[in-house]
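Chemist: predicted coordinates and the sequence they were generated for:
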Amino acid sequence: MIKLTNRQARLFLLIKHGLVGEYKFIGKQGALDFIRQAGCVQFDPVDVCGRNADIVLNARVKGYAKQMLDELLYLDRRLIDYFDKNLSIFAVEDLPAFTYKKLSGGYAEMFDSSGGEAVARIMPYIRKLIAERGHISAAEVDIDETIEWRWSMLASLPRAALESMYFRGELIVHHKTGVNKSYAFAKDHIPADILNAAPPFEDESGRLAWHVTRRIGAVGMLLNKAGDAWLGLGITAAERAAAFKKLTEQGRICEISVEGIKDPLFVRSDDRNILEIVLSGADPKPRCELIAPLDSFIWDRKLIKAIFGFEYTWEIYTPANKRKYGAYVLPLLYGDCFIGRVEAICDRGGKTLVIKNIWYENGVKLTKKTQAAVDRCFKRFAAFNGCENGVRHFEP
């Protein structure tokens, strides 16, 4: 078994994610390459200082601009919006792994509800509208009817129908206007060889093994234990253990031990080259980056606490009077350490990035070198957000 010190484990994760040393992902192709490596990037529409997916890419891709992601999604069709780690973005060629159950409902099984009959009733009309117009949003369907939909919430019938057809694989997101989605037929925009491709597994155990490998690759290393990294898989503890066993026997993942963690962790065998780099004593040049709240790097918060000594909670859903920091606070990474957390907002009218608060971790020494790195990080983050007037620190 390969043994890593705590620092070697940190460096492994940082090199894997392209968050230390020179940028290994560059421009629009780099954004595509990272998403392919990660499997998926989690999507969230909240935009306080950039959407989650954009913040993820900005931390890793040199020269990243927000329009690159929209181009890859809605012009080039190299990426697709779908359901993986909750709502996510992933490479279009991975779609067969998610729609292979489409004859029996596919991911729609997770969303269909008591409104199924009403949804089925209007599907032919939805298809007619899309055939005539090319794409359509729920607001453009002239049916004023509300039904009980997923998680027992009320939704417009057109929205429920479009989402059902989307999760069944019949529709894709054609484009978004803010948070509003316009849908089109998958067959009109996705190559037939992808739509008709067999999934990269033969049965249910193969599906689970494929997804477990994907999630390990997304984070870098994982324990065979319950955690947020497995959200969206619908996998039991027994199924996960069976998948780990199968993958280890096949040599697709390998077991490692990390200083300070009693249980074994697992990495993809394809990442042995990164293990060799950190075991050779590599000491990459530090970078300072702001990390997105739903970044795959920190999906497993317990693991991050064990390896980095950093505890993070995204407090957007925490009642205001119970928040320790703020609703939208980003971890601040420098080198191989989380040195603090930042509350930043875009003053779009003033085209300024406002740093409302910075909370440095206990023991962090803010040297001139560290401060200069933080300032450069904020300056780049302002440019990424189109804040032409730079950075302003909030003064109460």
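Modeler: Received, thanks.
Chemist: which other helices and strands contact the one helix or strand Tyr183 maps to?
Modeler: Using DSSP states H and E, Tyr183 sits within strand 180-185. Applying 3 or more CB pairs under 8 Å, 6 or more residues apart in numbering; DSSP states H and E, we find strand 180-185 packed against helix 116-133, strand 136-137, helix 157-167, strand 171-177. Every C-beta, even on glycine, is put in place using the N, C-alpha and C of the backbone.
Chemist: listing partners with orientation, what would you give for that strand?
Modeler: Its sheet considered, strand 180-185 pairs with strand 136-137 (antiparallel), strand 171-177 (antiparallel) by DSSP bridges.
Chemist: on that earlier part again, would a markdown table of the helices and strands packed on strand 180-185 with mean neighbour count, distance to Ala242 and mean pLDDT be doable?
Modeler: Shown next, in a markdown table, are the helices and strands packed on strand 180-185 (neighbours: other CB atoms under 10 Å; distance: least, CB to CB, whole Å; pLDDT from 0 to 100):
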| stretch | mean neighbour count | distance to Ala242 | mean pLDDT |
| --- | --- | --- | --- |
| helix 116-133 | 14 | 32 | 93 |
| strand 136-137 | 19 | 42 | 97 |
| helix 157-167 | 23 | 26 | 90 |
| strand 171-177 | 19 | 33 | 95 |
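Chemist: mind putting those in a markdown table, distance to Cys377 included?
Modeler: Output for those, formatted as a markdown table (distance: least, CB to CB, whole Å):
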| stretch | distance to Cys377 |
| --- | --- |
| helix 116-133 | 44 |
| strand 136-137 | 37 |
| helix 157-167 | 37 |
| strand 171-177 | 28 |
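Chemist: of the ones you listed, which is nearest Arg214?
Modeler: Closest of those to Arg214 is helix 157-167, at 19.0 Å (criterion: CB to CB).
Chemist: how far does the closest one sit from the chain's center?
Modeler: Averaging C-alpha positions (CA atoms, centre = their mean, to the nearest Å) puts helix 157-167 23 Å from its chain's average.
Chemist: between helix 116-133 and that helix, find me the angle.
Modeler: Inter-element angle recorded for helix 157-167 and helix 116-133: 80 degrees (by axes from the mean of the first three to the mean of the last three CA atoms, to 10 degrees).
Chemist: outline the domain layout of this structure.
Modeler: 2-80+201-279, 101-195, 288-393 (automatic domain parsing).
Chemist: where does pLDDT dip in the chain?
Modeler: 100-115, 150-152, 396 (pLDDT under 70).
Chemist: right, and the helix or strand after the longest strand along the chain?
Modeler: Among the segments of the chain that qualify as a strand by DSSP state E, the longest is strand 337-347. For strand 337-347, the following helix or strand on the C-terminal side (DSSP H and E) is strand 352-360.
Chemist: what residues of that next one count as buried?
Modeler: 352-355, 358 (16 or more other CB atoms under 10 Å).
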